[in-house]
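Undergrad: Fold the following for me, if possible:
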Amino acid sequence: MDVSAIVTPRLELVPASRALLDALLEGRRDEAEAALGGSIPPGWPDEAVAPFLRLRRDQIRRDPATQPWLVRFLVARAEPRTLVGHAGFHGPPGVNALGAADAVELGYALFPEHRGRGLATEAVEALVRWAAAEHGIRRFVASVAPANEPSLALARRLGFVHVGEHSDEEDGRELEFELLLEDGP
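TA: Residues are numbered from 1 along each chain as shown. Predicted coordinates:
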């Protein structure tokens, strides 16, 4: 499936194809960097992120139509182009903590050395715009650990409203936030 990158002023959100995920997971660094159009930090992906990448690869393998809704790699557009993190949705509409058929749930991670510069905000805003413009999505969900102050601040800054909480097997207690976009003109 051919999925286009989303471009922002400072980032290119490169869709994670199955081939790119295979290259990353199998240590074919040169191939992965060529597909990304940028360098990958030494030691990445590490053992902590590999299960996440395998999960997304397996989802794409089972249903290629999910690819646009899954992970995108955040590549800084400034030279030298470098991978700075990843962002995307937990899956297509309906796959979210609220179980809402019309909503998508956002997720994102920046490498520590790239935090605090608004890149996560830029990536999340771009994903929201893309989902609204391309698919008519008006409802967005974010699940955030109560102690993750940077992500809580991002959610507040973008207008997300706290609507509940749940306990996640992997991540523990998470606060649920929702963003409802007004209908367009």
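Undergrad: Okay, the residue nearest to E125 when sequence neighbours are not counted and A120: tell me how far apart.
TA: Ranked by CB to CB, 6 or more residues apart in numbering and with sequence neighbours excluded, the top spatial neighbour of E125 is L158, at 6.8 Å. (Glycine included, C-beta is placed from N, CA and C.) Distance, L158 to A120, using CB to CB, to the nearest Å: 10 Å.
Undergrad: between these two, which one's more packed in?
TA: Shown here are L158 and A120; by other CB atoms under 10 Å, A120 has more neighbours (23 against 16).
Undergrad: isn't there a helix covering the more buried one?
TA: Yes: checked against DSSP: H, G, I helix; E, B strand; the rest coil, A120 lies within a helix.
Undergrad: Quickly note the distance from it to P45.
TA: Taking CB to CB, one finds A120 at 19 Å from P45.
Undergrad: repeat for G27
TA: G27 is 9 Å from P45, by CB to CB.
Undergrad: Please tell me how far the nearest residue to V75 once chain neighbours are set aside sits from L55.
TA: Of all residues beyond its chain neighbours, the one nearest V75 is G38 (4.2 Å), with distances taken as CB to CB, 6+ apart. Distance of G38 to L55, given as CB to CB: 23 Å.
Undergrad: Comparing those two, which residue is more hemmed in?
TA: More crowded of G38 and L55, by other CB under 10 Å: G38, with 21 against 13.
Undergrad: which residues of the protein fall in helices?
TA: Here the chain has its helices, by DSSP state H, at 18-25, 29-36, 50-62, 119-135, 149-157.
Undergrad: Return the alpha-carbon coordinates of the fourth one using CSV.
TA: Listed next in CSV are the C-alpha coordinates belonging to helix 119-135 (Å, rounded to 0.1, in the frame of the first residue of the first chain):
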residue,chain,number,x,y,z
LEU,A,119,8.0,18.7,17.9
ALA,A,120,5.4,16.4,19.5
THR,A,121,2.8,19.2,19.3
GLU,A,122,3.6,19.7,15.6
ALA,A,123,3.3,16.0,14.9
VAL,A,124,0.0,15.6,16.8
GLU,A,125,-1.5,18.6,15.1
ALA,A,126,-0.5,17.3,11.7
LEU,A,127,-2.0,13.9,12.4
VAL,A,128,-5.3,15.5,13.6
ARG,A,129,-5.4,17.7,10.5
TRP,A,130,-4.7,14.7,8.2
ALA,A,131,-7.4,12.5,9.8
ALA,A,132,-9.9,15.3,9.7
ALA,A,133,-9.2,16.3,6.1
GLU,A,134,-8.6,12.9,4.6
HIS,A,135,-11.1,10.8,6.6
